[in-house]
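A.B. asks: Structure here, sequence nowhere to be found:
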């Protein structure tokens, strides 16, 4: 199974400042069809996860453009250009290249300093 | 508007059984693979099982032989029959679906490449 390792596990950030979360995969997430199926989700306390980014860098409908994704192969990054209060919560990366199973990173908790 | 509404969670003793249901609306149910994802208290997300529109199943190793995913396309319902429950199965169980235009080909079936519609979840507690 693909193991996704996120760093950091906790990220205290000042409002208005940037934030970055890394997701490293135990094997390349490049699919034979040419796509890379790495997505990012955000979960607020008591809520289900919400999709932010799919296929590494595509923002899902309605996601603010302060969120961006990048990477290739085994190294991926989620960046928030200017953190807002509503961005607190836990962020997960997820892969769908090597199925089954779908696997998730262990999560990164974003909190405001 | 897509809606996914889970039900059937509750408290059960180890070794017991529960059946979760997910009522789906707002989309053409029988054309989408449907999925269960769980989250233990204070922990991360774990995929449990998926079922294609025509009933092909994938599930994670830790539930094989104990959990069975199924669907009734005539009722727009997704199910998870959970038998031989263990304390480590305690979690919120989410019903989730992906996007028809973003799927990945695996073992002859198209599966969602991400999950973007989620229910609110159903809590299952396994304890003596």
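C.D. replies: Yes, it's here. In this text the structure is predicted, and so the values were computed from the model without any measurement.

A.B. asks: can you pull out the helices in chain A?
C.D. replies: Taking DSSP state H, chain A contains no helices at all.

A.B. asks: Okay, and the beta partners of the spatially most central residue of it?
C.D. replies: Against the mean C-alpha coordinate of chain A, by Cα atoms, centre = their mean, the closest residue is residue A:40 at 3.2 Å. Beta-bridge partners recorded for residue A:40 (DSSP bridges): residue A:53, residue A:93.

A.B. asks: List the contacts of it.
C.D. replies: Neighbouring residues of residue A:40 by Cβ atoms under 8 Å, 6 or more residues apart in numbering or on different chains: A:23, A:51, A:52, A:53, A:67, A:69, A:78, A:91, A:92, A:93, A:94. (Glycine included, C-beta is placed from N, CA and C.)

A.B. asks: change it to 7 Å
C.D. replies: Contacts for residue A:40 (Cβ atoms under 7 Å, 6 or more residues apart in numbering or on different chains) come out as A:52, A:53, A:69, A:78, A:91, A:93.

A.B. asks: Also residue A:75?
C.D. replies: Counting by Cβ under 7 Å, 6+ apart, residue A:75 touches residue A:24.

A.B. asks: ok, and the closest non-adjacent residue to the residue sitting nearest the centre point of chain B?
C.D. replies: In chain B, the C-alpha nearest the mean C-alpha coordinate belongs to residue B:36, at 2.0 Å (Cα atoms, centre = their mean). Once flanking residues are discounted, residue B:36 sits nearest to residue B:48: 4.1 Å by Cβ to Cβ, 6 or more residues apart in numbering or on different chains.

A.B. asks: any idea which helix or strand carries that neighbour?
C.D. replies: strand B:45-51 (DSSP states H and E).

A.B. asks: Got phi/psi on residue B:31?
C.D. replies: The phi/psi pair for residue B:31 (degrees, to the nearest 10) reads phi -100, psi 0.

A.B. asks: and what of residue B:26?
C.D. replies: Main-chain dihedrals, residue B:26, degrees, to the nearest 10: phi 90, psi 10.

A.B. asks: surely it meets residue B:32?
C.D. replies: No. Checked against Cβ atoms under 7 Å, the pair residue B:26 and residue B:32 is beyond contact range at 11.2 Å.

A.B. asks: which of the two has more neighbours?
C.D. replies: Remark: of residue B:26 and residue B:32, residue B:32 carries more neighbours, 23 against 11, as counted by other Cβ atoms under 10 Å in any protein chain shown.
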